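Asks: Here's my sequence, what's the structure:
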Amino acid sequence: MTTRSLFTSLLAVALLGYGAGAARKALADKAAPATAASAAGPTTTPTTCKAFGSAKCCDPAIAAHLTRAAVFKACGESDSTFLGEAGSKETCKYVFKVEGEKPDETFVQVYAPAQKEVPAYPNDPFFSWKKVGKAFVTDKAKSPKAAPMMANATGIWFPGKGYFVSVNASTKVCTKVEASKLAPSIK
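Replies: Presented below is the predicted three-dimensional model:
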């Protein structure tokens, strides 16, 4: 699978998850009026999630591959710049506030699909990769058409057993140097 098709699939999954989450929330709001018990206090399963907009929270299994705390530490972000997370089936997107930028361009997105056979390294016709710990980070664009993608985001790829983790980190949130510090945090 090429990086371009992977990123395209990742975007499609994220948009599909976003739409499904918004629809599910709207139906739940109509179907379940608030009761005195639910409005009175905390639920039995407290959450530390801060959902972005009308998106749903990330699946803890996906978020465990790259925690919000690891992104904060490596990328120099904090709770004050964190706008929230947007989750879908195999994706977790951490969205940040960056002065003068749109939130749809200021994120660190984790994609972790199950896969029967995981290659030992990324096979990508558009980018060359360098190894950082057990992960790989995009190093150079192999074509002029891929160069703009490198300017806007850094890719990180990690092979696991039965899955791989692909991270797309906006350079507006996490510089290339910071992304290299983020790579060893991926599980």
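Asks: Distance of the spatially most central residue of the chain relative to Val71?
Replies: The residue lying closest to the centre of the chain (C-alpha atoms, centre = their mean) is Gln109, at 1.8 Å. Here the criterion is C-beta to C-beta, to the nearest Å. By it, Gln109 lies 10 Å from Val71. Every C-beta, even on glycine, is put in place using the N, C-alpha and C of the backbone.
Asks: Could you do Met150 as well?
Replies: 20 Å.
Asks: ok so, going back, now do the shared contacts for Gln109 and Val71.
Replies: Both Gln109 and Val71 are contacted by Tyr94, under the criterion C-beta atoms under 8 Å, 6 or more residues apart in numbering.
Asks: the strands in the chain, which residues?
Replies: Using DSSP state E, the strands of the chain run over residues 82-87, 91-96, 107-111, 127-132, 135-141, 153-159, 164-170.
Asks: Using CSV, please lay out these together with mean pLDDT and distance to Gly76.
Replies: Output for the strands of the chain, formatted as CSV (pLDDT from 0 to 100; distance: least, C-beta to C-beta, whole Å):
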stretch, mean pLDDT, distance to Gly76
strand 82-87, 95, 12
strand 91-96, 96, 10
strand 107-111, 97, 12
strand 127-132, 94, 18
strand 135-141, 94, 17
strand 153-159, 96, 14
strand 164-170, 96, 12
